[in-house]
Structure formats: C-alpha cells, structure tokens
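1. fold the following for me, if possible:
(one chain, ligands or ions: 1)
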Amino acid sequence: MKEKYILSLDQGTTTSRAILFDHSGTALYQENRAFAQHYPEPGWVEHDPLEIWSTQLEVTREVITKTGIDTAEIAAIGITNQRETTVVWERSTGKPIANAIVWQCRRTAGICDQLKNKGLEAMVREKTGLLIDAYFSGTKIAWILEHVPGARAKADAGELLFGTIDSWLIWNLTDGRVHVTDYSNAARTMLFNIHTLKWDDDLLAELSIPISMLPDVRPSSEVYGTTTLLGGEIPIGASAGDQQAALFGQCCFQEGMVKNTYGTGCFLLMNTGERPVSSEHGLLTTIAWGLHGRVEYALEGSIFIAGAVVQWLRDELGLIQSASESEAVAKTVENTNGVYVVPAFTGLGTPYWDSYARGTIVGLTRGSNRAHIVRAALEAIAYQTKDVVASMEHDAGIKLAELRVDGGAVMNDFLMQFQADILGRKVVRPQIKETTALGAAYLAGLAVGFYENVDEIKRSWKGDQTFTRVMSEEASQSIYQGWKKAVGTTKGWALD
Ligand code: G3P
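-> Numbers count the residues shown, from 1 in each chain. Model (predicted):
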C-alpha cells in the first residue's frame, strides 16, 4: 500500500493534538484534547504525565479510526512538544514519580538565584546559550530529586529517567524501548552544550543530576524507533520542540528569517544558520534543528503568556465566553482608555527575565469597562512581541522586513492589525496555520524519504494575508511608552 500521509503529534501546554497531513502539507484531519492544568501554589504549574500520554494516545488513535486510513498508509509519525516541561519516571515501571513541572512553573527561582550567586551566568550562557532561569528543565529535575521522597537514592542507583515531553511520548510509544530526545529539545534543558552537542558534566555536577537519567540526543529528523500501538508498525521519524518545529513549518530555512508563534506563550525565532549567535539583549541562543548531518541555530525571544491571557479572561475572570469573542469585544471600544494589562502571571521572559514579576492591570478609572480590559489583554500580546523584536533587531543588527506569524491567536484580525500597528512591520499570515505540527511532519517526512529535500518543502509555503500599519507612528510610540511604564510596575513583585 502506498504511503500517503504523515501523522503529527503536537503535545502543547494546554492540548494534546494529532493532525494528519498529506504530501502537499494540507492538514486533512485533526483531533484535540485539553487536559488539566494544576496550580498547587502561586506561580507553580504542573501537568499529570499520564494524562498527557493518555490524551495524546487517544487523539492519535481517533485520527486513524475516524479517517478510516490504514496505518500502512502513514509514512511516519512526527512529534513536536511543549518544551522544557520536565518528567521523571521509573525506568522499570514507566511510572512518573511526580507531576511534570511545566515550563511556566517558577518554583525553582530560588535554585536559579543560588546558581547566579555562585557566578555561573557566563558559563551557562557560553555552554548552553541560555540565561539562568526557572524556565529551563535543569533546575526542575534538581527540584524533583531534592523534594520527592526516595528520588535521590533511586536516581543515584540509575533507576530514574528524565525526559522532556517528546522523550516521554517516544518512550511510551515504543513501550519503553527507546529513550531519546533531539537537539532542539536538549538545548532547552540548561544541561546541554550546544557547541559540543553533548550533555555537560559541569552543569550536571552543579545540579547533582546523574547522567544515567538523561536521554540520548539525536537529530530532529531520524527514525528513532517504531510504534505498534496504533495498529501496524509505524516509524517515529521526528522530534522537535514546538517553536523550532514552527520555524521549520514556516519554511524559515535561510539565515535571518523570522517567525512568531502565538500559542499559550509567544515565541519569536530567527534562523541564524550554522552560527550560534549570542545575544546582548536577553534573547536565547538555541538549536533550531539537527537535519541531514548539520545542526542549525536560532535566536529566540520567549514570552511566557500570550494566548493564555485570553484563556484567563475566559476561565478566571469570566469576561468572555470563548476565545474568539475577545476580538468582537475588543473592537467595541476605540482604545483601552489608558488601561494596560501586564500578564506577568509566571514572571517575565525576554527581555526582562524576571522570575518574580507578577501580573497587573494599571490605568483603571471610573470609566474602565470589560471591553477596555479585554482589549488591553490582547494588546499586551502585541506589546510583548514588540519588546522582543526590538531586542532581536539590536542583536542581529538588521531591521525585520516582515514577521511570519502562526498559532491559534493569529486568526484574531484585531490582534494582527494591532501587531502591525505597534511594530511598524508587515505581519504575514500563511495559508497553512498549523505550522508547528506541519514542521514536525516535514521533519518526519524527510527522515523516511517522503520528501526529498527542503527545496521541495519550501515550494509549499504560501502567504494568506498581510497586515500593514495604519496607525500613525507617533500614536504607536506613545501607547508603547505607556506599556513600558506598566511593565515597570510588575518588577520583582513576588520578592519578599
Ligand atoms: O517553551 C515553551 C513552549 O514550547 C510552549 O509552547 O505552544 O505550548 O505555547 P506552547
């Protein structure tokens, strides 16, 4: 039977998704399942790894049963995932020893302070391309080993395994036979030397993490093993962190090309080719992917809360019934009437890097209403992106010509227009918006010869709509200054 499809598993922060793509990159069918978010303490975020696995397996099986395809028609599975989120499980039973500590979780800010006080920032940046921050997996593993009863002894005896979500899914898909991750995910652990492409002994020693826990690190496009849990035997041909996968799905294959993904958070990545570029303005140097024997790098700006602020308006404040309603509500007012929402719910990433910042609403008056707050929350997504673009332009020494965008929130025309207004750059929305899952599909397809090379893939990218600035530059500068002032009020809020 001829292989016609690639099946992408996109395990995100709030949903597990499976999407079936054909050779042209068209998403034929998809299933999504939300899973529980746990907030045991302020600033902490956890997921149940077993629920991640069960929801992911369910949606994957449903795609196959509901489309009625034969598994023999699937050329490969590609995996893409929320990055940094940390799972530790028992090698012999496959049981997680604790909930997964999610990338947004701030519980290890204190461990990070200790590392900074020891003067390790330069060393961490030099080896890993990252800043010392609770965002990354390393301190999360250290926390689990220190706080879960019995974990330290088991880890020292070689009985525990660590994985980011890709690793956890591949291990389960292969029934515990394969414990791997790829370069793009390893680069987010703060334990991986992005130049030598090896786990770093010094960093492991600093955090007392035994190397026996860590997965093998492999290219992003390679057959790691096969799964038999879906019917026939299907090769697993790719693993890539979701933001790097989106960069690939947006066909940003050349140096200097940039995309911004508006998901739970917002992540802006610039391809820097085979050159790791270090930042002076709070950007991260990260691995984009390992492909065809080469490793390519990216500069990244990470915004922790983007689409999640819309969820918060809906689920916690009850100001809207659905995410899509935010657009209509925002448009009922001309502006926010001086209101700013700073969604620093889990601290701030690029360029502020403040684990202790917390969210705020400022500028409230008697005339402030629901629509002003909803609009201000959407505008905050665009302001944060502007902060990151400014850092990137400084670091790269170039002015962006355009910003390719993707992710759920790009369907919000109000947000896209405001983004173009505040940036003063063209904002380009592609025809295929599922770029994260698509990137994983392309990488998996390349691993099994479903695609010959990236040139073949590049031809499939097509723009859909371009947004350009309509607001005057003066007005845009003026409201952006208000944003900077609002952000300033959140600094260090959670510090004693
Ligand atoms: O680094 C965190 C990022 O990978 C999360 O992505 O799509 O769940 O917002 P997303």
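2. ok, residues contacting the host helix or strand of S476?
-> Element membership for S476, per DSSP states H and E: helix 473-488. Applying C-beta atoms under 8 Å, 6 or more residues apart in numbering, the external contacts of helix 473-488 come out as 335, 338, 340, 342, 344, 348, 352, 360, 362-363, 379-380, 383, 386, 421-422, 424, 469. Every C-beta, even on glycine, is put in place using the N, C-alpha and C of the backbone.
3. among the residues you listed, which lie within helices?
-> 379-380, 383, 386, 421-422 (DSSP state H).
4. filter those down to the buried ones.
-> 379-380, 383, 386, 421-422 (16 or more other C-beta atoms under 10 Å).
5. nearest to the ligand, of those residues?
-> Using C-beta to the nearest ligand atom, A380 comes nearest to the ligand of those, at 15.5 Å.
6. state the distance from the residue lying closest to that closest one once chain neighbours are set aside to I234.
-> Nearest residue to A380 in three dimensions, chain neighbours excluded: V341, at 5.0 Å (C-beta to C-beta, 6 or more residues apart in numbering). The gap separating V341 from I234 is 44 Å, by C-beta to C-beta, to the nearest Å.
7. more neighbours: those two, which one.
-> V341 (27 against 22; other C-beta atoms under 10 Å).
8. ok, that one - contacts?
-> With C-beta under 8 Å, 6+ apart, V341 has these contacts: 309, 359-361, 373, 376-377, 379-380.
9. out of the residues you listed, which is most surrounded?
-> A376 (29 neighbours).
10. in a helix, that's where that one is, yeah?
-> Yes - according to DSSP: H, G, I helix; E, B strand; the rest coil, A376 belongs to a helix.
11. how near is it to V362?
-> For A376 relative to V362 (C-beta to C-beta), the value is 9 Å.
12. now do the shared contacts for the two.
-> By C-beta under 8 Å, 6+ apart, the residues touching both A376 and V362 are 339-340.
13. just grab the bridge partners of the closest residue to L173 other than its chain neighbours for me.
-> Leaving aside its sequence neighbours, L173 sits nearest to T227 (C-beta to C-beta, 6+ apart; 4.1 Å). Per DSSP bridges, the residues bridged to T227 are I234.
14. what's the burial count for T227?
-> Using other C-beta under 10 Å, T227 has 23 neighbouring residues.
15. my guess is it meets I234, correct?
-> Yes - the criterion here is C-beta atoms under 8 Å, and T227 meets it with I234 at 5.5 Å.
16. anything in contact with each of these two?
-> Joint contacts of T227 and I234 (C-beta under 8 Å, 6+ apart) are I77.
17. picking that back up, measure the residue nearest to A380 to the ligand for me?
-> 18 Å (C-beta to the nearest ligand atom, to the nearest Å).
18. show the pLDDT at that residue.
-> Looking at V341, its pLDDT is 98.
19. can you spell out which helices and strands pack onto the helix or strand bottoming out on mean pLDDT in the chain?
-> The helix or strand of the chain with the lowest confidence, counting by mean pLDDT, DSSP states H and E, is strand 463-467 at a mean of 88. Applying 3 or more C-beta pairs under 8 Å, 6 or more residues apart in numbering; DSSP states H and E, one finds that strand 463-467 contacts helix 413-423, strand 426-430.
20. need the residues that contact the first one.
-> To tie it back to what came earlier, the one meant is helix 413-423. Residues outside helix 413-423 that contact it (C-beta under 8 Å, 6+ apart) are 262, 327, 330-331, 378-379, 381-383, 385-386, 389, 403, 405, 409-410, 426-427, 429, 465, 467-471, 476, 479-480.
21. can you report phi and psi for the closest residue to the ligand within the stretch 301-450 of the chain?
-> Nearest residue of the stretch 301-450 of the chain to the ligand (C-beta to the nearest ligand atom) works out as S302 at 6.3 Å. Main-chain torsions, S302, degrees, to the nearest 10: phi -110, psi 120.
22. next: A34.
-> phi -80, psi 160.
23. which ones are touching the closest residue to it other than its chain neighbours?
-> Spatial nearest neighbour of A34, excluding adjacent residues (C-beta to C-beta, 6+ apart): T15 at 5.1 Å. Contacts of T15 were listed using C-beta under 8 Å, 6+ apart, and they are 32-35, 55.
24. same question, L130
-> 124, 136, 188, 190, 284-286.
25. brilliant, that's me finished.
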